[in-house]
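*Asks:* next one to model:
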Amino acid sequence: MDVVSDAIAAVRIGQPSSNRIRVSGSWCARLVPYEGAGFHVVLKGDCWLLPDGGAPVSLRTGDAVLLPHGTGHVLADSPVDEAAVERAVPFESWPEVGRPPEPRSYGEVEMLCGKYRLDRSRAHPLMAELPETVHLPNRVGSHPELRAAIDLLGREVDARGPGSCMAVPSLLDLLLVYMLRSWVTEGAAGVWPAVLSDPVTAVALRALHSDPAAAWTNDLLAAEAGVSRPTLARRFTSLVGRPPMAYLTWWRLTLAATLLRDTEHSLASIAHRIGYGTPYALSHAFKREFGATPGRFRAEAAERSAA
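*Replies:* Numbers count the residues shown, from 1 in each chain. Predicted coordinates:
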């Protein structure tokens, strides 16, 4: 695994959902804050996104926008004033959702809107650092993988052919990966884009995430990155915010929490998988980190999921 994949896997729960909408004329709809991440892809036309407490974002055909922290927002045909925002129709009761106007009219907007369910209790710092809105404009030659995923998803949602119940969630997962990859690689300001673009730290992180159960030491990790141990320690700690072995311990326990939440593996199996010699050693470290035993954590995660 790599850092971006692991960061997503640590927080993602359940399956994403999406709707294709068509609207025209003057319109304004509100989406309330959500315990997850929302996204919109403009398939046709132009519109505006007005995040709560943020600046309006102009969206054009082919644009994608991710709201990784579930920020409440308004979608509208224009940058409406506060009074119009207050009168916005709740998205869930929006009469146009899923029903194309007949006949299709000039100025029509088509969008793909959806949500990802996320468990933020142990979010990777890469996910925590994401801004309230990640706007990815449709520019010629930029983000070809994202553009291809958007095209495939638009066709699949429209066609609803055989196997679409499996294809759509998989494409939505792919869309999330490509949106995060685009944010990381297009020079966004922030700690983690800098971390993943640094050749030494990126190699070290890739090694730790590829095999967290290995008996890593600072010397072994420095050799993997092709630098001296002091150089690795200095660059890694400066960028990531904690020394390599401290990061490894944190990631192992975060991975244990994910496995407890998402699987029925025994504590012994999880301990072996993440590099702890015994279930007791894992349980002791886990309680110190999370303030709860692995068994209690698993039970509470099941309760949250059921709710």
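
*Asks:* following the lowest-mean-pLDDT helix or strand in the chain, which helix or strand comes up?
*Replies:* Least confident element among the helices and strands of the chain, by mean pLDDT, DSSP states H and E: helix 82-86 (a mean of 66). Where DSSP states H and E defines the elements, the next helix or strand beyond helix 82-86 is strand 89-90.

*Asks:* which elements pack onto the following helix or strand past that next one?
*Replies:* Once the chain leaves strand 89-90, the next helix or strand it forms, by DSSP H and E, is strand 109-117. If contacts are counted by 3 or more Cβ pairs under 8 Å, 6 or more residues apart in numbering; DSSP states H and E, strand 109-117 sits against strand 17-23, strand 36-44, helix 144-159, helix 164-185. For the C-beta atoms, the positions are set from N, CA and C on the backbone; glycine is no exception.

*Asks:* let me see the ranges of the helices in the stretch 201-307 of the chain.
*Replies:* If DSSP state H, counting those that start in this stretch is used as the criterion, the helices of the stretch 201-307 of the chain fall at 218-225, 229-240, 244-262, 267-274, 279-290, 294-306.

*Asks:* mind putting those in CSV, distance to residue 180 included?
*Replies:* What follows is those, written out as CSV (distance: least, Cβ to Cβ, whole Å):
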stretch, distance to residue 180
helix 218-225, 24
helix 229-240, 18
helix 244-262, 17
helix 267-274, 24
helix 279-290, 25
helix 294-306, 23
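
*Asks:* picking that back up, now mean pLDDT too, for the helices and strands packed on strand 109-117, in JSON lines please.
*Replies:* Formatted as JSON lines, the helices and strands packed on strand 109-117 follow (pLDDT from 0 to 100):
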{"stretch": "strand 17-23", "mean pLDDT": "86"}
{"stretch": "strand 36-44", "mean pLDDT": "92"}
{"stretch": "helix 144-159", "mean pLDDT": "83"}
{"stretch": "helix 164-185", "mean pLDDT": "88"}
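
*Asks:* for the ones you listed, which one ends up most surrounded?
*Replies:* Of all the helices and strands packed on strand 109-117, strand 36-44 has the most neighbours on average by mean count of other Cβ atoms under 10 Å, namely a mean of 22.

*Asks:* so what strands line up beside that strand?
*Replies:* Using DSSP bridges, the strands paired with strand 36-44 are strand 64-67 (antiparallel), strand 109-117 (antiparallel).

*Asks:* what are the contacting residues of the last one?
*Replies:* Contacts to strand 109-117, defined as Cβ atoms under 8 Å, 6 or more residues apart in numbering, come from residues 12-24, 34-47, 70, 75, 77, 91, 150, 153-154, 157, 172, 176.

*Asks:* how many other residues sit next to the closest residue to residue 77 other than its chain neighbours?
*Replies:* Closest residue to residue 77 apart from its sequence neighbours, by Cβ to Cβ, 6 or more residues apart in numbering: residue 27 at 5.3 Å. Look at residue 27: counted by other Cβ atoms under 10 Å, it has 19 neighbours.

*Asks:* residue 27 contacts residue 80, correct?
*Replies:* No - judged on Cβ atoms under 8 Å, residue 27 makes no contact with residue 80 at a distance of 9.8 Å.

*Asks:* and the residue lying closest to residue 247 once chain neighbours are set aside, what does it touch?
*Replies:* Leaving aside its sequence neighbours, residue 247 sits nearest to residue 240 (Cβ to Cβ, 6+ apart; 5.8 Å). Contact analysis of residue 240 by Cβ under 8 Å, 6+ apart lists 191, 195, 201, 205, 247.

*Asks:* what do you get for residue 237?
*Replies:* Residues in contact with residue 237, defined by Cβ under 8 Å, 6+ apart, are 243, 244.

*Asks:* measure how buried residue 45 is and give me the count.
*Replies:* Residue 45 has 18 nearby residues by other Cβ under 10 Å.
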